[in-house]
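would you be able to build a 3D model of this:
(4 chains)
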Protein chains: 2
Amino acid sequence: MKRKLSKACYSFFSTLANPTRLAILEKLSESDMNVKQLTQTLKQEQSMISHNLKPLLHCRFINSKRQGKSMIYQINCDTVTMLFKTLDSHAQNHCPEDGNCPKTNLLTQ
Amino acid sequence: MKRKLSKACYSFFSTLANPTRLAILEKLSESDMNVKQLTQTLKQEQSMISHNLKPLLHCRFINSKRQGKSMIYQINCDTVTMLFKTLDSHAQNHCPEDGNCPKTNLLTQ
DNA sequence: TTTTCGTATGAAATATAATTCATATGTGGT
DNA sequence: ACCACATATGAATTATATTTCATACGAAAA
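Have a look, this model is predicted:
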């Protein structure tokens, strides 16, 4: 792995390692949304949503476009889909159905 | 995305969002290593290596097998490779060569 | 041009994660 | 059984990230 990529990877993974941001990605993968819509479906403060949108935007996992007073956010590309697909398959191979991880129980607690 | 997967994804991404653990994965992708070897190549305390191996093991990104007094760690599967490949391609599409991110400069600072 | 709505941002408070240190455990050799 | 080496672990310290609150900014309407 190249130095530059490793730096970028750390940034990418840090951005994805957050429940709110994962929830935002999940919602945006269903449809484009503005900030208010996100605050409503996720039941979170507006400032929290905005703060969490920032790193997603920065990593280019999402894009934004202004529409009048509101700002529309949309999933940028196939990267997110691909990542989730890979991890889904990993989880199916290694995470037992009952949720009890054989190694430790960090994952399910 | 299913509730269970989202939980697992958070665990996966949290585990990957750490420079030491990324470095461990990088080394282990080259060859299997025991803890002492990892402490030597990464120039880190033994306890730090062990602490960081734990979540990697838990997520099944790596496996371990005892060999006498030492414990050998190895990359578990194709998941890690696939993730890095996906992010490499993402970085190539969206991260400029000069390291100056067009959105913000969080990534390169 | 003042007001209102939607969004962004800075800074403080809070929560979470990483690192270190001391020590325990586990294995093999003497 | 004891010792030495390799690794793991718990707990305290330290560092980093998240959340909240107050407020600023931008666009459109009155």
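
which residues touch the most centrally placed residue in chain A?
Nearest residue to the geometric centre of chain A (Cα atoms, centre = their mean): residue A:22, 3.1 Å. Counting by Cβ atoms under 8 Å, 6 or more residues apart in numbering or on different chains, residue A:22 makes contact with A:16, B:1, B:6, B:9-10, B:13. Bear in mind the C-beta positions are built from the backbone N, C-alpha and C, glycine included.

measure how the longest helix that chain A contains sits relative to helix B:78-94, angle-wise.
In chain A, taking DSSP state H as the definition, the longest helix is helix A:78-94. Orientation of helix A:78-94 against helix B:78-94 (axes from the mean of the first three to the mean of the last three Cα atoms, to 10 degrees) gives an angle of 180 degrees.

residue A:63 - that's part of a strand, no?
Yes. Judged by DSSP: H, G, I helix; E, B strand; the rest coil, residue A:63 forms part of a strand.

now it: closest residue in space that isn't a chain neighbour?
With sequence-adjacent residues excluded and distances taken as Cβ to Cβ, 6 or more residues apart in numbering or on different chains, residue A:63 is closest to residue A:76, at 4.8 Å.

what do you get for residue A:50?
residue A:35 (6.2 Å).

does the one you found touch residue A:73 like I think?
Yes. Proximity of residue A:35 to residue A:73 meets the contact threshold set by Cβ atoms under 8 Å, at 7.4 Å.

where do the contact lists of those two overlap?
Residues touching both residue A:35 and residue A:73 by Cβ under 8 Å, 6+ apart: residue A:53.

hmm, the helix or strand containing residue A:38 touching DNA strand C?
In the assignment (DSSP states H and E), residue A:38 maps to helix A:35-42. Yes. Judged by Cβ under 7 Å from any atom of the strand, helix A:35-42 comes into contact with DNA strand C at A:35-36, A:39.

please, a PyMOL command that selects the buried ones among those?
This is the PyMOL syntax for the buried subset of the residues of helix A:35-42 next to DNA strand C, where burial follows 16 or more other Cβ atoms under 10 Å in any protein chain shown:
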select buried, chain A and resi 35+39
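
all good on my end, thank you.
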